[in-house]
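>>> sequence and computational prediction follow.
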Amino acid sequence: MTASKFKRYGIHQIGEVKDRKVFFDTNVLLLIFHQEYRYDPRSGKYRKMFARILAHRMEVFVNEIVLSEFYSIVLKSARERSNFPSVKAFRDSEAGIEAREEIFSDMKTILQQLNYIPSNLSLSEMTNQFTVDSLDFNDKLIAETCRKNDFILVTDDADYVATAIDVLSANTMFA
């Protein structure tokens, strides 16, 4: 199937999908839950979207792939700001320990508000993603998780624009 058979929704269309389940991509979690992204112009849009999703009592999900990406992105950013030459040296430093505590605090907050669903992809479902195209491997696994569970993906990542899943986004690339 082509992506054109799948729906693209904006923030004002949440009411149309209020009976569906949504899956949050890492970029949206960063914009909503991590303080470093608080002043990103997209942050307010996704915070508003999240509030509307919660107001409609929609079920919201994440899995270990998204949480692992969240951890890695935030830890890498903290390491780069601290100018440590290696991840291990940073991770074991006082600054690294503080950064990990902050990340885990953010992740606990996420898991208090979103449902965790393990990816549970079969070996076949995973290895079917070993193709070279516009999505990176983790994005393919996230898309497969959405297909398997009939989730709408909440993302700001334009790489999903041609992906055969339903998407809810504030990114105008999806309009």
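That came in fine, so what should we check first?
>>> CA atoms for contacts and neighbours, from now on please.
Will do.
>>> how close does Ala95 sit to Val87?
Per Cα to Cα, to the nearest Å, Ala95 is found 12 Å from Val87.
>>> wait, Tyr160 sits on Asp133?
No - with contact defined as Cα atoms under 8 Å, Tyr160 does not count as touching Asp133 (11.3 Å).
>>> when these two are compared, which one has more neighbours?
Neighbour comparison, Tyr160 and Asp133: the larger count goes to Tyr160, with 21 against 9 (by other Cα atoms under 10 Å).
>>> residue contacts, that one?
Shown in contact with Tyr160 (Cα atoms under 8 Å, 6 or more residues apart in numbering): Leu135.
>>> and for Glu64?
By Cα under 8 Å, 6+ apart, the contact set of Glu64 is 116, 118-119.
>>> look up how far Ser72 lies from it.
The gap separating Glu64 from Ser72 is 12 Å, by Cα to Cα.
>>> name the residues of the lowest-mean-pLDDT helix or strand in the chain that come out as buried.
Counting by mean pLDDT, DSSP states H and E, the chain has its least confident helix or strand at helix 87-91, which shows a mean of 90. Residues of helix 87-91 classed as buried: 90-91 (neighbour count, 16 or more other Cα atoms under 10 Å).
>>> tell me which other helices or strands that helix touches.
helix 64-82, helix 94-113 (3 or more Cα pairs under 8 Å, 6 or more residues apart in numbering; DSSP states H and E).
>>> run through who's touching the last one.
Residues outside helix 94-113 that contact it (Cα under 8 Å, 6+ apart) are 29, 33-34, 67, 71, 74-75, 78-79, 82, 90-91.
>>> one more time with 7 Å, if that's ok
Contacting residues not belonging to helix 94-113 are listed as 33-34, 71, 75, 78, 90-91 [Cα atoms under 7 Å, 6 or more residues apart in numbering].
>>> show me where the protein has its strands.
8-9, 21-24, 60-62, 115-116, 151-154, 167-168 (DSSP state E).
>>> list the neighbouring strands of the fifth one plus their orientation.
This points to strand 151-154. Using DSSP bridges, the strands paired with strand 151-154 are strand 21-24 (parallel), strand 167-168 (parallel).
>>> just send those strands back as TSV, with distance to Leu111, mean pLDDT and mean neighbour count too.
Shown next, in TSV, are those (distance: least, Cα to Cα, whole Å; pLDDT from 0 to 100; neighbours: other Cα atoms under 10 Å):
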stretch	distance to Leu111	mean pLDDT	mean neighbour count
strand 21-24	12	98	24
strand 167-168	20	97	24
